[in-house]
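[1] Structure, please.
(2 chains)
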Amino acid sequence: MLDAIQFSTWAEFFDMGGYGFNVWSVYALFAIFVAINLIFPWRKKQKIIRQLKRRMTLDAEIQSEDDSSGD
Amino acid sequence: MWVWFFKLGSPKWFYELSGKWLPWLIGAMVIFMTVGVVWGLVFLPPDYQQGFTSRILIVHVAVAGTSLAFFPLMFVAGTITLVWRMKLADMVAKHAAILGAWFSFITLATGSLWGSVMWGTWWEWTDSRLVSMLFQLFLLLGVISLRSALEDSDAAAKACALLSIVGCINVVIIKYSVEWWNTLHQVSSPVTTDASSPNGPEFWIATLIMIVAVYLFLSVSLILSTRNEILERERKAQWVQDLVLKS
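    Below you'll find the predicted structure:
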C-alpha cells in the first residue's frame, strides 16, 4: 500500500504536479461545503433547544406567580 | 405498507426514527469521506493527459451527480404534500432546495477550477452542460426565495411543486446535454475493469466511494435540518416539551 503513495516529499504533495492551486482549492472548498452543512444545522438545534427551555421556565414562573397572587 | 407510509408522515415518529439512524449514517459518512479523500489526495495516480487534475474530478463528479437528485426529490415531496397533506414532506422539500443550491454551486466551482487549467477557461457560455447546471442553481434560488416570500403556506407548496417539474425536465437536459449538443464538456467515461485504461478501476472505484460519501452527507445534512424544522413547528406539542426538559 505504501508504494502506491504518489509522492516522496511534502513539497511534491503540495505541488500536485504543478496543479497544486486547483487541486487543493477544490478539496478545501469541498471540506468547507461539508463542514458548513453539518455544523450549522447542529448548532441551530442547540439554539432551538436553549430557546424552548428558556420559554418553558418563563411560562412556569408566570404560572406560579398567577397561582400565588390568586390566593 | 400504508400504515408505515402515514406513520412516516408523523413528525414525532420521524424524529424518533431518524434519531436512531443518525449515528449509523454519520459513522458511515465519516468512513467513506475519509477513504475517498485520502485515496483522492494521496493514492490516485496521475492521468496520462490531465496529470493530477484528475483528482479534482472524483470530487466534481460525485457532487455534480448527486446534485441531480434534488429536483426529483423535491417533486416527489411536493406531490406528497399536495396529495396527502403531509407536512413532513413539505419540510424536507424546503431544506432540499437550500442544500441543492449548495450542491449546484460547488459543482460549478469545482468544474471551473478544473476547466481553468484543462480547458484554459473558467466558464463557457456556449456549453450546454455548464449553462443548464447554472440554470438549476438559479431555479433552486428561485424556489428558496419563493418559499421565504410565501412563508410555508399552501401557495408556497403549490408553486414549488410546479417549479420542481421544470427542474426535473432540466435535470434530464443536464444529464443528456453532453450527448445532444457536442460542446466543450466531455461525456461521462464508461466504467471499465481494464487496469491499463485511463479510467480504470482505481479511478472509478475512488469516484464510487466519493459518490456514496456525498449521498450519505446529503442524507445526514437533510435529516438534521428537517429535525430542526420539526422542533420549531411542533414546539407546542407535549413530546417536544418532554424532549427539551430531558436534554
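[2] And for B:Tyr238, the neighbour number?
    You called it Tyr, but residue B:238 is Gln. Per other Cβ atoms under 10 Å in any protein chain shown, the neighbour tally for B:Gln238 reads 9. To be clear about C-beta, it is placed using only N, CA and C from the backbone, and glycine gets the same treatment.
[3] How about B:Gly19?
    B:Gly19 has 12 nearby residues by other Cβ under 10 Å.
[4] State the helix or strand in which the nearest residue in space to it that is not next to it in sequence lies.
    Leaving aside its sequence neighbours, B:Gly19 sits nearest to B:Arg227 (Cβ to Cβ, 6 or more residues apart in numbering or on different chains; 7.7 Å). When secondary structure is defined by DSSP states H and E, B:Arg227 falls within helix B:201-233.
[5] got a list of contacts for the helix or strand just after that helix?
    Remark: after helix B:201-233, the chain's next helix or strand is helix B:238-246, criterion DSSP H and E. Contact with helix B:238-246 is made by A:49, A:52-53, A:56, B:12, B:231, B:234-235, as judged by Cβ atoms under 8 Å, 6 or more residues apart in numbering or on different chains.
[6] okay, B:Pro198: pLDDT?
    Per-residue confidence (pLDDT) for B:Pro198: 66.
[7] swap that for B:Val37, please
    Reading off the model, B:Val37 has pLDDT 95.
[8] The one 10 residues further on too?
    According to the predicted model, the pLDDT of B:Asp47 comes to 84.
[9] Neighbours of it, how many?
    Neighbours around B:Asp47, by other Cβ under 10 Å: 17.
[10] Nearest residue to it in space, please, no chain neighbours.
    Per Cβ to Cβ, 6+ apart, closest to B:Asp47 is B:Ser54, 3.9 Å.
[11] Tell me who's in contact with B:Leu108.
    B:130, B:133-134, B:137.
[12] switch the cut-off to 6 Å
    Shown in contact with B:Leu108 (Cβ atoms under 6 Å, 6 or more residues apart in numbering or on different chains): no residues.
[13] ok, then the element right after the helix or strand where it lies?
    B:Leu108 is part of helix B:87-118, with elements assigned from DSSP H and E. Next along the chain after helix B:87-118, taking DSSP H and E as the criterion, comes helix B:128-150.
[14] Briefly note if stretch B:110-122 comes near chain A.
    Yes: shown here: stretch B:110-122 in contact with chain A (Cβ under 6 Å from any Cβ of the partner chain) through B:110, B:113, B:117.
[15] any idea which of those residues is the one closest to B:Ala155?
    B:Ala155 has its nearest neighbour among the residues of stretch B:110-122 next to chain A in B:Thr110, at 35.9 Å by Cβ to Cβ.
[16] how near is the residue positioned nearest the centre of chain B to chain A?
    Centroid-nearest residue in chain B, with Cα atoms, centre = their mean: B:Ser67, separated by 4.0 Å. Distance, B:Ser67 to chain A, by Cβ to the nearest Cβ, to the nearest Å: 12 Å.
[17] anything in the helix ranked longest in chain A near chain B?
    Under DSSP state H, the helix in chain A containing the largest number of residues is helix A:20-70. Yes: part of helix A:20-70 sits close enough to chain B to count as contact by Cβ under 6 Å from any Cβ, namely A:22-23, A:25-26, A:29-30, A:33-34, A:37-38, A:41, A:44-45, A:48-49, A:52-53.
[18] Spit out the contact partners of the residue in chain B that chain A sits nearest to.
    For chain B and chain A, the shortest gap (Cβ to the nearest Cβ) falls at B:Leu224, measuring 3.7 Å. B:Leu224 sits next to A:Pro41 when contact means Cβ under 6 Å, 6+ apart.
[19] Show me the shaky parts of chain A.
    Residues of chain A meeting the criterion pLDDT under 70: A:1-2, A:69-71.
[20] Next secondary structure after the helix or strand containing B:Val38?
    Assigned by DSSP H and E, B:Val38 belongs to helix B:11-38. Per DSSP H and E, the first helix or strand lying C-terminal to helix B:11-38 is helix B:54-67.
[21] Packing partners of that following helix?
    helix A:20-70, helix B:87-118, helix B:201-233 (3 or more Cβ pairs under 6 Å, 6 or more residues apart in numbering or on different chains; DSSP states H and E).
[22] Much appreciated, bye for now.
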